[in-house]
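> Provided below for reference: sequence and predicted model.
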Amino acid sequence: MNEVTIKVEGMSCGGCVKNVTGVLKALPGVTDAQVSLADASATVRYDPATVSVEALREAVENAGFDSPT
Ligand code: 9UX
């Protein structure tokens, strides 16, 4: 299991935090996601054999937020 912190820009309230958390946790291979509004980031525990960091970022972007590298 790996851990990575990705940027999550564009969140403006706790609802966004819950939405991004749910989107990330719904991905196969993700076991935990801690999203921070203050830090504009998400720290994700994931199985690199199942899901890539790029896929994490794409899921965040598909949910309407920005996740620049
Ligand atoms: Mo808050 Mo975010 O009213 O997707 S839920 S802005």
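Ah, there it is.

> Quick one: the helices in the protein, in order.
Counting by DSSP state H, the chain has helices at residues 14-25, 53-62.

> Tabulate these (CSV), appending mean neighbour count, mean pLDDT and distance to Asp47.
Where C-beta positions appear, they are placed from N, C-alpha and C, glycine not excepted. Output for these, formatted as CSV (neighbours: other C-beta atoms under 10 Å; pLDDT from 0 to 100; distance: least, C-beta to C-beta, whole Å):
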stretch, mean neighbour count, mean pLDDT, distance to Asp47
helix 14-25, 16, 98, 13
helix 53-62, 16, 98, 12
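
> What residues does the residue of the chain most remote from its centre make contact with?
Taking C-alpha atoms, centre = their mean, the residue of the chain most remote from its mean C-alpha position is Ala49, at 17.2 Å. Listed by C-beta atoms under 8 Å, 6 or more residues apart in numbering, the contact partners of Ala49 are Gly29.

> Now do the residue of the chain found nearest the ligand against Leu37, distance only.
Closest contact between the chain and the ligand, by C-beta to the nearest ligand atom, is at Gly15 (2.6 Å). Going from Gly15 to Leu37 by C-beta to C-beta, to the nearest Å gives 10 Å.

> Also Thr43?
According to C-beta to C-beta, Thr43 stands 13 Å off from Leu37.

> what does Asn62 give?
To Leu37, Asn62 is 19 Å away according to C-beta to C-beta.

> Equivalent analysis for Tyr46, please.
According to C-beta to C-beta, Tyr46 and Leu37 sit 21 Å apart.

> rewinding a little: look at the residue farthest from the centre of the chain and report its pLDDT.
At Ala49, the predicted lDDT confidence score is 98.

> measure it to Ala40 for me?
To Ala40, Ala49 is 28 Å away according to C-beta to C-beta.

> which residues touch Ala63?
19-20, 23.

> Any chance of those in JSON lines with distance to Asn2 as columns?
Converted to JSON lines, these look like this (distance: C-beta to C-beta, whole Å):
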{"residue": "Asn19", "distance to Asn2": "23"}
{"residue": "Val20", "distance to Asn2": "19"}
{"residue": "Val23", "distance to Asn2": "19"}
